[in-house]
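Just to be clear, the model below is a prediction. Sequence and coordinates:
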Amino acid sequence: MTAVEDGWKAIEIARAEHFDFVITDLGMPGLDGWGVLDKLLEFQFPPRVIVMTADAAEGHRKLVEQKGGWGYVEKTYLVQEIKKALKAPPRD
């Protein structure tokens, strides 16, 4: 497991080593979670990206899916939803 302090650092590390999945928070300093999602999905072999937030808003889940995210988790349901997302079959 690797943890970083901001979105730009996450992208830097993800370029240097391969991750099967990345969990990103929408609210982060520097590059926010939306930016991290977009940047990671530009990789030749992108990781599965799970987006989480404490500030859930209507439409977030749908937008994550439209952008190509693997899962969306409201922090109140974090552990339960991460297990569910990781068990899901790959999307085409």
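Cool, got the structure.

Find the nearest non-adjacent residue to Gly68, please.
Leu41 (4.9 Å; C-beta to C-beta, 6 or more residues apart in numbering). Every C-beta, even on glycine, is put in place using the N, C-alpha and C of the backbone.

My read is that the one you found contacts Val64, right?
No. Taking C-beta atoms under 8 Å as the definition, Leu41 is not a contact partner of Val64, at 10.9 Å.

one step back: which residues are in contact with the residue nearest to Gly68?
Leu41 sits next to 49, 67-68 when contact means C-beta atoms under 8 Å, 6 or more residues apart in numbering.

distance of it from Tyr72?
Taken as C-beta to C-beta, to the nearest Å, the spacing of Leu41 relative to Tyr72 amounts to 14 Å.

picking that back up, make TSV out of the contacts of Leu41 and add distance to Ala16.
Below are the contacts of Leu41 laid out as TSV (distance: C-beta to C-beta, whole Å):
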residue	distance to Ala16
Val49	17
Lys67	23
Gly68	22
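
Tell me the buried residues within those.
By neighbour count, with 16 or more other C-beta atoms under 10 Å, those hold Val49 as buried.

Quick one: residues in contact with stretch 55-66.
26-27, 37, 51, 53, 71-72, 74.

which one among the residues you listed gets closest to Pro89?
Gly71 (12.5 Å; C-beta to C-beta).

what is the residue nearest to Trp70 when sequence neighbours are not counted paired to in the beta sheet?
The shortest distance from Trp70 to any residue other than its chain neighbours is 3.8 Å, reached at Arg48 (C-beta to C-beta, 6+ apart). In this entry, Arg48 is beta-bridged to Phe21, by DSSP bridges.

Quick check: Arg48 touching Phe21?
Yes. With contact taken as C-beta under 8 Å, Arg48 and Phe21 are classed as touching, separated by 4.1 Å.
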